[in-house]
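Q: When you get a sec, could you give me coordinates for this:
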Amino acid sequence: MASKAYALPTTVAEPSDVSEVTTMQTVKFRAGDTIISEGEDGNTAFLIASGSVEVGVGQESQAKTVGTLGAGEVFGEMCLIDPGPRSATIRALTDAECVVTSYGEFIPSFQNDPERAVVFMKTLVRRLRHMNSLLSVAPAEVLGRRIQQSLQVILAGLEETDALSGAGLEDLRRDLHILLQIERIQIAAAEVNKAEEILEYMLRPKIEECLNLWFGKSEQTDQEIWTRFGADVALASKGHYDHWALNVEHPRLLVALVIMLDQFPRNMYRDTPQMYAYDARCLGLVKRGLRVGESGRLRPVELVLLCLVLTHSEALDDQLRCMEEWDRATAELAPDDPLNAFDEIFHRHVAVIKRFGRFPHRNKLLNRVNTAAEEDFLGNSSFRFDLPLVRKPDGAFVFAGTVKKRTVKLLDHEYQTLLPDADEAPATAFEFRYGGPDHVFTKTYDQLEKQRYIRIGDSVPDFTAETSMGPINFHEFIGDSWCVLFSHPADFTPVCTTELGAAAKLQHEWSKRGVKIIGLSVDPLDDHERWIVDINDTQHTQVTFPIIADKDRRVAMLFGMLDATNFRHGSSLGQTMTVRNVFIISPSKRVELILSYPAFIGRSFDEILRVLDALQLSAKYRVATPVNWQPGDDTVVLPFISDEEAERMFADQGGFRKVRSYLRFVRDPSLRCLRGFPLDQK
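A: Got it, this is the predicted structure:
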């Protein structure tokens, strides 16, 4: 009589025996034994090591043999995805020996018995591919249209796969289980709203807003993404939103999921290995979505986010697939569409992977050792380039590419570039720069990162600059005078206009103190000239001092003037501007005082004059000025001057009044009489 269908023991091993449980067992069967029975629940799969078995379907009089299997073949493999009723009866034709694994033990067995695990997986993949070919011709009503579409998406992920890894099997199990939960297939309105919220955040109405968000590298943006979407990214990383990727009719759901797994982690975990943690899973979702044609239902601005996932991969096939998809998308773009800039970015990624097989820019972050060739490459700035994006007067970006494509070769990659050559490049500065994979940034970010800072006591930097009164060399401009350098966020702004008007009206005060003043704004010279006309007219004065035209922010970066929290509006949207800095510089070219005001608060020029008087008094007479000091008020003796030395120094001022050993008052040395106390109370 045939033996009962086989099942693995259900006892749980002690911790010390875990290695035995996760190692596949070998079981022997005699000729005629029933190994599995049609209709019975099962959770085991079998690899025939020796002997042969027959496969039968149907019961009793309707039973028939449909085939035989021999050594090296597998049966029962579908239970590795979802344990359930057997679809056939398997009997041993001869004495047979089988390697057996179960649903729960199979993934751990990858570590202990990888060769046999791969055999199981190859058979499983072949079976699923066969299912996919049958589904492609089956009527929609057989499974229901949505389930059929979703299953085809899942199986499309196996097209280029001979065998799955343990993690791949877990993903496959999760996706197939989704098909068994109708509420997951029919995506709830709340989830659709969540996806649209993500898309609305990442895909702004204007492309210039998108590019500033994608390339801006702002800590404020990183924190905002953490606050608004951090919990959703955590759920997405655990597969909670994977069913979004199965909805073929709404491919924007896949884009939203990709944003959570690819783009947001690069903000949330910037400059840490965690920023790449979900790349592999995200890549799998994108590739299978592209195989079922989802790219054809997306706008280029949406498709570029899927292409970025491909180009983040260090596999050349993925890079080339990115170029294929993007080439189709660019056919829809106008020649001046800013998205054309991605063509050069994607080609440069291909070039790096062709040469090095990985991104050397990531080596330090991932603790990989650079080769000598990679060291040379990382030190070569010629790989970096400015994205040819310029602003029109209305603030919109346009792509200022080449009139005619030309063939170039970068590293080992030859391609047709859209970059303008030297003769075609516009005179205006580009705002975005490509610094390598994972490192496209705005000029704004670059300026903030590279700006220096000045401290009291530093020697003031020397520079040459264009001003409203002609070119200057700063040290030559200062000469033997005191100097006040003050910056302004922008031309034609209300607060700056009143400040420059006030400074112009104080020309007599500057002159009598031997002070030269000079303004700075990050706008071009022709704007300065037109603005000065406005200042003279509205403030009823004449601006007779120079204003530096620092359009490239070169001087502002020398002094650390750029504001990291507020940026420009209008046609200069997103560009850096200066805070309201004041630098008072002595004739020795030493920075004596620094004041900083936010853009929306005007400065007090009365205060600037007061501190100038205090600095000049202290420099000349070696005194300090107490709180709220005004010219003519009593001053204090510096702590390091002894009483005896103070008596000699201030004899002409009537001596000093000692309140404490450290608190000694003396009259303003520029006055002739002592005020506030009699001379005999010193």
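Q: Now the helix or strand residue 280 falls within: average pLDDT?
A: Element membership of residue 280, judged by DSSP states H and E, is helix 279-291. Average pLDDT, helix 279-291: 88.
Q: could you say what helices and strands that helix packs with?
A: If you count contacts as 3 or more C-beta pairs under 8 Å, 6 or more residues apart in numbering; DSSP states H and E, helix 279-291 packs onto helix 145-156, helix 166-179, helix 252-258, helix 300-311, helix 316-330. In this view, the C-beta of every residue, glycine as well, is placed from N, C-alpha and C.
Q: Would you map the helices across the stretch 51-200 of the chain?
A: 106-112, 114-135, 145-156, 166-179, 182-185, 189-202 (DSSP state H, counting those that start in this stretch).
Q: Check those helices for me: which has the lowest mean pLDDT.
A: Looking at the helices of the stretch 51-200 of the chain, the weakest mean confidence is helix 182-185, a mean of 46.
Q: Could I get the contacting residues of residue 637?
A: Applying C-beta atoms under 8 Å, 6 or more residues apart in numbering to residue 637 gives the contacts 623-624, 646, 650, 656, 664-666.
Q: Skipping adjacent residues, who's closest to it in space?
A: Computed as C-beta to C-beta, 6 or more residues apart in numbering, the closest residue to residue 637 that is not its neighbour in sequence is residue 664, at 4.1 Å.
Q: just to revisit the earlier point, ok, of the contacts of residue 637, which one's closest to residue 523?
A: residue 624 (39.5 Å; C-beta to C-beta).
Q: Kindly list the main-chain dihedrals of that closest one?
A: phi -110, psi 160 (degrees, to the nearest 10).
Q: And what about the residue lying closest to it once chain neighbours are set aside, helix, strand or coil?
A: For residue 624, ignoring the flanking residues on the chain, the nearest one in space by C-beta to C-beta, 6+ apart is residue 636 at 4.9 Å. The assignment at residue 636 comes out as strand when based on DSSP: H, G, I helix; E, B strand; the rest coil.
Q: Kindly indicate the member of the contacts of residue 637 with the most neighbours.
A: Neighbour counts for those, by other C-beta atoms under 10 Å, peak at residue 623, which reaches 27 neighbours.
Q: Pull the contacting residues for the nearest residue to it once chain neighbours are set aside.
A: Nearest-residue entry for residue 623: residue 635, 4.0 Å, with adjacent residues in sequence omitted and distances by C-beta to C-beta, 6+ apart. With contact set as C-beta under 8 Å, 6+ apart, residue 635 has these partners: 617, 621, 623-626, 629, 665-669.
Q: who's residue 635 bridged to?
A: As for beta bridges, residue 635 partners with residue 666 under DSSP bridges.
Q: Now do stretch 490-509, average pLDDT.
A: The model assigns stretch 490-509 a mean pLDDT of 92.
Q: Could you pull out the buried residues of that stretch?
A: Residues of stretch 490-509 classed as buried by neighbour count (16 or more other C-beta atoms under 10 Å): 490-491, 493, 495-497, 499-504, 506, 509.
Q: for residue 205, what are its contacts?
A: Per C-beta under 8 Å, 6+ apart, neighbours of residue 205: none.
Q: So what's the predicted local confidence for it?
A: At residue 205, the pLDDT value in this model is 88.
Q: How about residue 614?
A: pLDDT, residue 614: 94.
Q: now the helix or strand hosting it, how far from the centre of its chain.
A: Using DSSP H and E, residue 614 falls within helix 605-621. Centroid separation between helix 605-621 and its chain, computed with C-alpha atoms, centre = their mean, to the nearest Å, is 47 Å.
Q: Against which helices or strands is that helix packed?
A: Using 3+ C-beta pairs under 8 Å, 6+ apart, helix 605-621 sits against strand 482-488, helix 494-505, strand 580-585, strand 591-597.
Q: on that earlier part again, and the contacts of residue 637, which is closest to residue 224?
A: residue 624 (46.1 Å).
Q: hang on, isn't the closest one packed against residue 640?
A: No. Taking contacts as C-beta atoms under 8 Å, residue 624 lies outside contact range of residue 640: 10.7 Å.
Q: pretty sure residue 391 contacts residue 397?
A: Yes. Between residue 391 and residue 397 there is a contact under C-beta under 8 Å: 6.1 Å.
Q: follow-up on the earlier one: so who does the residue nearest to residue 624 touch?
A: Residue 636 neighbours (C-beta under 8 Å, 6+ apart): 623-626, 663-666.
Q: ok so residue 519 is a helix residue?
A: No. Assessed by three-state DSSP, residue 519 does not belong to a helix; its assignment is strand.
Q: For the nearest residue in space to it that is not next to it in sequence, grab phi and psi.
A: Excluding the flanking residues, the one nearest residue 519 by C-beta to C-beta, 6+ apart is residue 547, at 4.1 Å. The phi and psi values for residue 547, taken as degrees, to the nearest 10, are phi -120, psi 120.
Q: Flag the shaky bits of the stretch 501-650 of the chain, pLDDT-wise.
A: 563-579 (pLDDT under 70).
Q: Tell me how this structure divides into domains.
A: Per automatic domain parsing, the structural domains of the chain span 15-131, 187-445, 451-605, 622-682.
Q: quick one: which of these is nearest residue 613?
A: domain 622-682 (5.0 Å).
Q: shaky segments in the stretch 351-500 of the chain?
A: Counting by pLDDT under 70, the ranges of the stretch 351-500 of the chain that qualify are 393-395, 422, 424-433, 435-450.
Q: one more time with 80, if that's ok
A: 380-397, 402-403, 421-452, 489 (pLDDT under 80).
Q: what ranges do the strands span in it?
A: Per DSSP state E, counting those that start in this stretch, the stretch 351-500 of the chain carries strands over the ranges 385-387, 389-391, 397-399, 406-410, 413-417, 432-434, 440-442, 464-465, 472-473, 482-488.
Q: Now distance to residue 318 and mean neighbour count too, for these, in TSV please.
A: Below are these laid out as TSV (distance: least, C-beta to C-beta, whole Å; neighbours: other C-beta atoms under 10 Å):
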stretch	distance to residue 318	mean neighbour count
strand 385-387	23	19
strand 389-391	26	20
strand 397-399	25	22
strand 406-410	19	13
strand 413-417	15	16
strand 432-434	19	20
strand 440-442	19	19
strand 464-465	48	15
strand 472-473	54	14
strand 482-488	47	24
